[in-house]
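> dropping the sequence and predicted coords here.
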Amino acid sequence: MEPHWDDLKVFLAVAREESLSGAGRLLKLDPATVGRRIARLESALDVELFVKSPQGYALTGPGELLLGQGEQAEQAIRGAADVLAGPGERMSGQIRIGAPDGCANYLLPQICAAIAGENPDLEIQVVALPRVVNLSRREADMAIGVSAPTARQLLVEKITDYRLHLVAARDYLLRAAPIEAVADLRGHRMIGYIPDMIFDAELDYLGEFGVERVALASNSVPVQLRLASQGAGLCVAHDFALPSHPPLRKVLHSRVSLTRSFYLVRHRGDQRSARLNRFAAALCEALRAEVARLESLT
């Protein structure tokens, strides 16, 4: 029996989601149908592709081999679609970007709106997650990260640096004890990430100042800044976010300053896609410009 090409798409979804139900949601198929398609593919290839358990579907050795070949076929089909579409003046189709929520909330809306305005047939999806976006599971076509991954199958490009400062609401500073040195922070309420939900060491801002206790915490940057805007305490904020929170003022700005970087992360095989290359170039250029514009306002 010859394998069906459509079953390879189902196989890739199960491999990435590690379950029939997850693959079904992705493909808009019921789990039973997904299971039958996997069984048909295994029968056609005469190999077991998954080890099934209550914890999910794990790839076998032959499954791992097929995953690599299947992803190459997937990338080839995407590349062929780009070639057949032609270079054109405008981009089209769907592109999904994953990003940490600070970037997704304060930078990507205006950037994506501008790119979409110039490309009416382009559908842009922004996935804002308080964790690293998993490109190997195709959660997104590309991702913006705050550190550079080292996996060989990924293409990494530094986009730009950005700055962060300690901030508090003006009314909080008027009623709280004076802050003239880093040591004075011990007498103030600190707002930051939930410690066990910091998904990247680059986000452990308060740890750099020796702060051991966070009085108010959230895994969301906008929530942290809104807490600070309400006068609840001090937090570390991206300079590019401050124009969206007028009550906030920099504290110890000449002594407490952090620099971090944004990186664009893509599947290495996708660099053959002219469409994704054009979008990546437009995204990086716009992100650099928008970070510089917003930081100049603070």
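That came through, no problem.
> just the strands in the chain please.
50-53, 56-59, 93-99, 122-128, 142-145, 154-169, 190-192, 216-217, 234-238, 248-251, 257-267 (DSSP state E).
> and the average pLDDT for the first one is what?
Computed over strand 50-53, the mean pLDDT rounds to 90.
> how about the shortest one?
For strand 216-217, the mean per-residue pLDDT is 94.
> what's that strand packed up against?
strand 190-192, helix 221-229 (3 or more Cβ pairs under 8 Å, 6 or more residues apart in numbering; DSSP states H and E). Backbone N, C-alpha and C define where each C-beta goes, glycine included.
> can you redo the strands of the chain as CSV with mean neighbour count and distance to L206?
As requested, the strands of the chain are exported to CSV (neighbours: other Cβ atoms under 10 Å; distance: least, Cβ to Cβ, whole Å):
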stretch, mean neighbour count, distance to L206
strand 50-53, 13, 40
strand 56-59, 17, 36
strand 93-99, 19, 22
strand 122-128, 16, 22
strand 142-145, 23, 21
strand 154-169, 19, 9
strand 190-192, 24, 5
strand 216-217, 18, 10
strand 234-238, 27, 6
strand 248-251, 20, 13
strand 257-267, 17, 10
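> now those strands as CSV including distance to R25?
CSV is the format used below for the strands of the chain (distance: least, Cβ to Cβ, whole Å):
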stretch, distance to R25
strand 50-53, 18
strand 56-59, 14
strand 93-99, 15
strand 122-128, 15
strand 142-145, 21
strand 154-169, 25
strand 190-192, 34
strand 216-217, 31
strand 234-238, 33
strand 248-251, 39
strand 257-267, 22
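> nearest to F199, out of these?
With Cβ to Cβ as the measure, strand 142-145 is the member of those nearest F199 (10.1 Å).
> can you list contacts of the closest one?
For strand 142-145, the external contacting residues (Cβ atoms under 8 Å, 6 or more residues apart in numbering) are 95, 97-100, 103, 132-133, 135, 159, 200, 262-267, 270, 276, 279-280, 283, 287.
> pLDDT averaged over that strand - what is it?
For strand 142-145, the per-residue pLDDT averages 93.
> which of the strands of the chain sits closest to A181?
strand 248-251 (10.9 Å).
> can you tell me the strand partners of the closest one and which way each runs?
strand 154-169 (antiparallel) (DSSP bridges).
> rewinding a little: wait, which of the strands of the chain is closest to L225?
Here strand 234-238 is closest among these (Cβ to Cβ), at 5.7 Å.
> I'd like the mean pLDDT over that closest one, please.
Strand 234-238 comes out at a mean pLDDT of 95.
> how far out from the middle of the chain is it?
20 Å (Cα atoms, centre = their mean, to the nearest Å).
> and that strand, which strands flank it?
Going by DSSP bridges, the partners of strand 234-238 are strand 154-169 (antiparallel), strand 190-192 (parallel).
> next, the angle from that strand to helix 221-229.
130 degrees (axes from the mean of the first three to the mean of the last three Cα atoms, to 10 degrees).
> quick one, strand 234-238 and strand 257-267 angle?
Using the same axes, to 10 degrees: strand 234-238 against strand 257-267 is 50 degrees.
> mind saving the C-alpha coords of stretch 186-203 as PDB?
Taking Å, rounded to 0.1, in the frame of the first residue of the first chain, the C-alpha atoms of stretch 186-203 are listed here in PDB:
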ATOM      1  CA  ARG A 186      14.800  47.300  50.500                       C
ATOM      2  CA  GLY A 187      12.200  49.500  52.100                       C
ATOM      3  CA  HIS A 188       9.900  49.500  49.100                       C
ATOM      4  CA  ARG A 189       7.400  47.100  47.600                       C
ATOM      5  CA  MET A 190       8.700  45.500  44.400                       C
ATOM      6  CA  ILE A 191       6.700  44.300  41.400                       C
ATOM      7  CA  GLY A 192       8.000  41.700  39.000                       C
ATOM      8  CA  TYR A 193       7.700  38.300  37.500                       C
ATOM      9  CA  ILE A 194       6.500  35.200  39.400                       C
ATOM     10  CA  PRO A 195       9.800  33.700  40.300                       C
ATOM     11  CA  ASP A 196       9.100  30.200  39.100                       C
ATOM     12  CA  MET A 197       7.600  31.400  35.800                       C
ATOM     13  CA  ILE A 198      10.600  33.300  34.600                       C
ATOM     14  CA  PHE A 199      11.200  31.500  31.300                       C
ATOM     15  CA  ASP A 200      14.500  33.200  30.300                       C
ATOM     16  CA  ALA A 201      17.400  34.300  32.500                       C
ATOM     17  CA  GLU A 202      17.400  37.500  30.600                       C
ATOM     18  CA  LEU A 203      14.100  38.400  32.300                       C
END
